[in-house]
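**Student:** coords below, sequence missing:
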Ligand SMILES: Nc1ncnc2c1ncn2[C@@H]1O[C@H](COP(=O)(O)O)[C@@H](OP(=O)(O)O)[C@H]1O
Ligand SMILES: [Mg+2]
């Protein structure tokens, strides 16, 4: 098993799971959104679990849709290879007709670090992978305006304050994977989130972002760490590398100001 195989496998699994989700969406329609969300989460999880069990039987898996017992299985914590998957990120957007900001995440964590990953954006017809990480756009010059992707439905209040202070434009997009992809492909220059999220929401897009040379960290600048016993990973900053020092300094300033707490959602 070579490293290259893992990169390619992540891409193939995410793309195939995405194709199945597109088909399900077309067949099911949008009349019962709850049922569409549940069917999407469940069927994509079962497809990925079955494929990983067949193709990588020795490896552990952490999936958003696993049962609580499966997620807490201590075998994962002593495993040297763990696939961290979000079978359908942006479930809400998946259930809304016409939206393309939803994704399938497949990442591989090995002995302390993310080593491969893929983010399929099926309704955008593309998959970003560590096989061939996207070439980053140029950052805007110092003082020029830039765009910050933010949750459509749970925007942290401090991101509004952050954008205002920096003269940046907040751009609401669904799905953590779609937002990080938007940074890597030049639709926005940064993504900031706080107030709650889990390892599966960011592992695959962060693997691709790091392979592209983008900045990815917690909002205090510390590293994002994966395959922890508690999979909560509540805040994140992904940006073009040249913008990261400015963003981190501004977040630190906001954090120190008494009325504005970066760790709360609105
Ligand atoms: N405050 C919060 N607490 C827990 N999860 C959150 C969260 N804010 C965002 N997320 C998760 O992060 C992903 C992207 O969210 P958003 O589109 O709002 O940016 C979603 O994953 P899922 O769609 O896989 O559930 C969502 O559930
Ligand atoms: Mg998710």
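**Tutor:** On my side now, so go ahead. Everything numeric here is computed off the predicted structure, so don't read it as measured data. Ligands and ions are numbered 1, 2, ... in the order given.

**Student:** ok, the residue of the stretch 51-200 of the chain found nearest ligand 1 to residue 123 distance?
**Tutor:** The stretch 51-200 of the chain approaches ligand 1 most closely through residue 196 (2.4 Å), counting by Cβ to the nearest ligand atom. All C-beta spots, glycine's among them, are computed from the backbone N, C-alpha and C. Distance from residue 196 to residue 123, counting by Cβ to Cβ, to the nearest Å: 25 Å.

**Student:** cool, residue 153 as well?
**Tutor:** Distance from residue 153 to residue 123, by Cβ to Cβ: 18 Å.

**Student:** quick one, which of the two is more surrounded?
**Tutor:** residue 123 (20 against 10; other Cβ atoms under 10 Å).

**Student:** dihedrals phi and psi, that one?
**Tutor:** phi -80, psi -10 (degrees, to the nearest 10).

**Student:** excluding its backbone neighbours, what's nearest it?
**Tutor:** Among residues not flanking residue 123 along the chain, residue 100 sits closest, at 3.6 Å (Cβ to Cβ, 6 or more residues apart in numbering).

**Student:** tally of neighbours for that neighbour?
**Tutor:** 17.

**Student:** residue 66 too?
**Tutor:** 18.

**Student:** find the helix or strand that it is a member of.
**Tutor:** For residue 66, there is no host helix or strand (DSSP states H and E).

**Student:** same question, residue 128
**Tutor:** strand 126-129.

**Student:** give me the buried positions along that strand.
**Tutor:** 127-129 (16 or more other Cβ atoms under 10 Å).

**Student:** what residue spans form the domains of the chain?
**Tutor:** Domain assignment for the chain, taken from automatic domain parsing, gives 3-129, 147-256.

**Student:** adding distance to ligand 2 and mean pLDDT, write the ones you listed out as CSV.
**Tutor:** Formatted as CSV, the domains of the chain follow (distance: least, Cβ to the ion, whole Å; pLDDT from 0 to 100):
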stretch, distance to ligand 2, mean pLDDT
domain 3-129, 4, 96
domain 147-256, 4, 96
